[in-house]
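Novice: could you work out the structure for the sequence below:
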Amino acid sequence: MNLYYFQYQAYDANGQLVSDKINAVDEHEALSLLKNKKLTPIKIEQIKLSKQVLKKSNNLTNEELINFTEGLNTLIKAQVPIDKALILLKNLSDSESTQLLVESMIRHVKEGGTLAQALENNPHVFSKMYISMIRAGEEGGILAELLPSLKQFLIDAEETKRQLLSAMIYPVVLLIVGVLSIVLMIAFVVPQFASLFTDTGVAMPASAAFLFAMSDWLQNYAWTFIPFTIFTIIFFQQWEQDEQHKKQKDSFLLTLPIIGKLLLYKDASSFCRTIGALLGAGIPLIKSLNISQGVLENTKIASQLILVEEDVKAGISLGQSLEKNTDFPIIMPKLLIVGEETGRTAQTFNQLADNFNHSVKNRLEKLLALIEPLLILLLGILIGGIVIIMLLAVFSMNDISM
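Specialist: Modelled structure (predicted):
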């Protein structure tokens with residue numbers, strides 16, 4: 001949906017000349033809006049936002065999205081109508097990106113669309129899960145009950161991301177310094193030994209010849225690494241767009257030691273958190289299952305939940321179906337079977353979400369604690385190996401001359 005603005009100049013009630021822009025469907029509506037603001041326009045001109053501005057409105061940061069959700073939650077709880085709530089959010093926000101995004105949503109809602117439909121016009125900002133939960137809240141009249149859970153989900157995801165980025169700073173710096181050290185050694189230190197073999201006419205060992213070949217490539221053809229990297233990234237992006245290929249990749253990731261369990265528990269936590277919030281707000285189980293599939297990053301697990309949804313429709317209990325069809329940790333279906341029998345399914349899901357989230361943090365800490373010594377060991381072996389190869393090559397020259 002295109003955003004149209006009208007640039008205007010007008011006199012206010014005090015006779016002061018003001019210049020600004022206003023969003024409207026056409027010039028007639030723009031004049032009406034100015035009249036409602038008690039402005040007397042002397043010039044009005046329709047403009048269209050540039051592609052750069054439109055692109056900016058489709059790039060909200062996680063913090064801006066959380067602030068938008070929190071503000072919307074507060075206003076909906078205060079029983080403010082959707083259109084007025086959006087107008088207030090636009091006026092209260094300091095972020096230009098948020099203002100542009102909300103303005104497009106205001107126009108859609110004023111034209112008779114729902115909030116969920118307005119969100120669908122911005123798929124790069126709002127996830128499938130986000131839109132589905134808003135739609136379920138609107139249809140069931142329980143938007144005020146769902147928004148706190150949605151806000152908390154975004155906050156938890158952002159907090160986990162921040163912890164990961166913070167913990168990865170040292171390993172990343174260590175890796176960069178180590179790789180640069182190896183590259184500089186091969187590119188500038190190793191060639192200094194080449195002249196020794198050239199001057200003496202002694203045949204160099206195979207290991208040293210390999211290092212000299214790498215050094216020659218870095219000095220003359222290192223630039224080829226850039227287009228190769230770009231091509232590789234584009235290739236895998238295209239490859240992953242195929243549904244079957246993405247499923248193969250996701251299946252492979254689940255089989256990896258340590259990382260596989262981490263990804264599985266992360267999706268299990270997101271699934272339990274979402275479906276627990278939906279069931280707690282009164283959304284039917286079948287619909288909750290369908291919406292919860294949107295939070296899963298692993299397509300293999302998402303496809304397994306389709307089978308679970310079919311089983312539940314056929315009358316099979318949720319716990320039994322999860323145990324039969326999914327790779328989720330066995331504790332989930334076992335506890336859910338008990339929770340279903342006692343009528344505490346939503347509470348069980350919420351408790352499982354906390355447990356899985358705690359497990360994800362513990363596994364992440366262990367993984368990061370393991371990465372640092374492994375990096376140091378690997379870089380030490382590589383650098384030490386280069387030094388040893390060159391020293392052995394020099395010693396071999398001495399043996400031959402003797």
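Novice: alpha carbons only for contacts and neighbour counts from here, please
Specialist: OK.
Novice: shaky segments in the stretch 151-300 of the chain?
Specialist: Within the stretch 151-300 of the chain, the stretches falling below the threshold (pLDDT under 70) are 198-203.
Novice: where do the helices sit along it?
Specialist: Along the stretch 151-300 of the chain, counting by DSSP state H, counting those that start in this stretch, helices occupy 191-200, 206-221, 225-241, 243-255, 259-280, 285-292, 299-313.
Novice: tell me the helix or strand right after the last one.
Specialist: Meaning helix 299-313. Sequence order places helix 318-325 as the next helix or strand after helix 299-313, per DSSP states H and E.
Novice: what angle separates the helix or strand just after that next one from helix 318-325?
Specialist: Next helix or strand after helix 318-325 toward the C-terminus (DSSP H and E): helix 331-342. Helix 331-342 and helix 318-325 meet at an angle of 150 degrees, taking axes from the mean of the first three to the mean of the last three CA atoms, to 10 degrees as the criterion.
Novice: any buried residues in helix 331-342, and which?
Specialist: Within helix 331-342, the residues that count as buried by 16 or more other CA atoms under 10 Å are 332, 333, 335, 336, 337, 339.
Novice: give me the contacts around that helix.
Specialist: Outside of helix 331-342, the residues within contact range by CA atoms under 8 Å, 6 or more residues apart in numbering are 317, 318, 319, 320, 321, 322, 323, 345, 347, 348, 349, 352.
Novice: now do stretch 268-276
Specialist: Residues contacting stretch 268-276 (CA under 8 Å, 6+ apart): 149, 153, 288-289, 291-293, 295-296, 328, 345-350, 352-357.
Novice: find the nearest non-adjacent residue to residue 71, please.
Specialist: In this structure, residue 71 finds its nearest non-sequential neighbour in residue 89, 6.7 Å apart by CA to CA, 6 or more residues apart in numbering.
Novice: now name the helix or strand holding the one you found.
Specialist: helix 82-92.
Novice: helix or strand next in line after that helix, which one?
Specialist: Remark: after helix 82-92, the chain's next helix or strand is helix 96-110, criterion DSSP H and E.
Novice: buried stuff in that following helix?
Specialist: Under the neighbour-count criterion of 16+ other CA under 10 Å, helix 96-110 has 97-109 buried.
Novice: helices and strands around that helix, which ones?
Specialist: Secondary-structure packing of helix 96-110 (3 or more CA pairs under 8 Å, 6 or more residues apart in numbering; DSSP states H and E): helix 51-57, helix 82-92, helix 115-120.
Novice: select from the ones you listed the stretch with the lowest mean pLDDT.
Specialist: Lowest mean pLDDT of the helices and strands packed on helix 96-110: helix 51-57, a mean of 46.
Novice: what residues sit buried inside the following helix or strand past that helix?
Specialist: Later in the chain than helix 51-57, the nearest helix or strand by DSSP H and E is helix 62-77. Within helix 62-77, the residues scored as buried using 16+ other CA under 10 Å are 64, 65, 66, 67, 68, 69, 70, 71, 72, 73, 75, 76.
Novice: what angle separates the helix holding residue 89 from helix 62-77?
Specialist: Using the same axes, to 10 degrees: helix 82-92 against helix 62-77 is 140 degrees.
Novice: now do helix 82-92: which elements does it pack against?
Specialist: helix 62-77, helix 96-110.
Novice: out of those, nearest to residue 391?
Specialist: If you check each of the helices and strands packed on helix 82-92 against residue 391 by CA to CA, helix 62-77 wins as the nearest, at 52.6 Å.
Novice: so the residue nearest to residue 31 when sequence neighbours are not counted, which of the three states?
Specialist: Distances taken as CA to CA, 6+ apart place residue 41 nearest to residue 31, at 7.6 Å, with adjacent residues excluded. Following DSSP: H, G, I helix; E, B strand; the rest coil, we place residue 41 in the strand state.
Novice: and residue 41, how many neighbours does it have?
Specialist: When counting by other CA atoms under 10 Å, one arrives at 18 neighbours for residue 41.
Novice: correct me if wrong: it contacts residue 8.
Specialist: Yes. The pair residue 41 / residue 8 is scored as a contact, 6.8 Å apart, by CA atoms under 8 Å.
Novice: chain neighbours aside, what residue packs nearest to residue 246?
Specialist: The spatial neighbour of residue 246 that comes closest, neighbours along the chain excluded (CA to CA, 6+ apart), is residue 240 at 4.9 Å.
Novice: same thing with residue 77?
Specialist: Sequence neighbours aside, residue 144 is the residue nearest to residue 77 in space, at 5.5 Å (criterion: CA to CA, 6+ apart).
Novice: check the secondary structure at that neighbour for me.
Specialist: Assignment for residue 144 (three-state DSSP): helix.
Novice: show the pLDDT at it.
Specialist: Looking at residue 144, its pLDDT stands at 86.
Novice: domain map for this structure?
Specialist: By the assignment in automatic domain parsing, the chain contains the domains 4-48, 55-154, 165-402.
Novice: state the mean pLDDT of the first one.
Specialist: The one in question is domain 4-48. Averaged across domain 4-48, the pLDDT comes to 77.
Novice: residue 12 and residue 36: what is the separation?
Specialist: According to CA to CA, to the nearest Å, residue 12 and residue 36 sit 11 Å apart.
Novice: those two: who's more crowded?
Specialist: Using other CA under 10 Å as the criterion, residue 12 and residue 36 rank with residue 12 on top: 16 against 10.
Novice: wait, that one sits on residue 40?
Specialist: Yes. Using CA under 8 Å, residue 12 makes contact with residue 40 at a distance of 6.4 Å.
Novice: spatially, what comes nearest to residue 279 if we skip its sequence neighbours?
Specialist: Sequence neighbours aside, residue 346 is the residue nearest to residue 279 in space, at 5.5 Å (criterion: CA to CA, 6+ apart).
Novice: just the mean pLDDT for the helix or strand encompassing the one you found, thanks.
Specialist: Assigned by DSSP H and E, residue 346 belongs to helix 345-401. Across helix 345-401, pLDDT averages out at 84.
Novice: one step back: contacts only, for the residue nearest to residue 77.
Specialist: When contacts are counted by CA under 8 Å, 6+ apart, residue 144 touches 73, 76, 77, 137.
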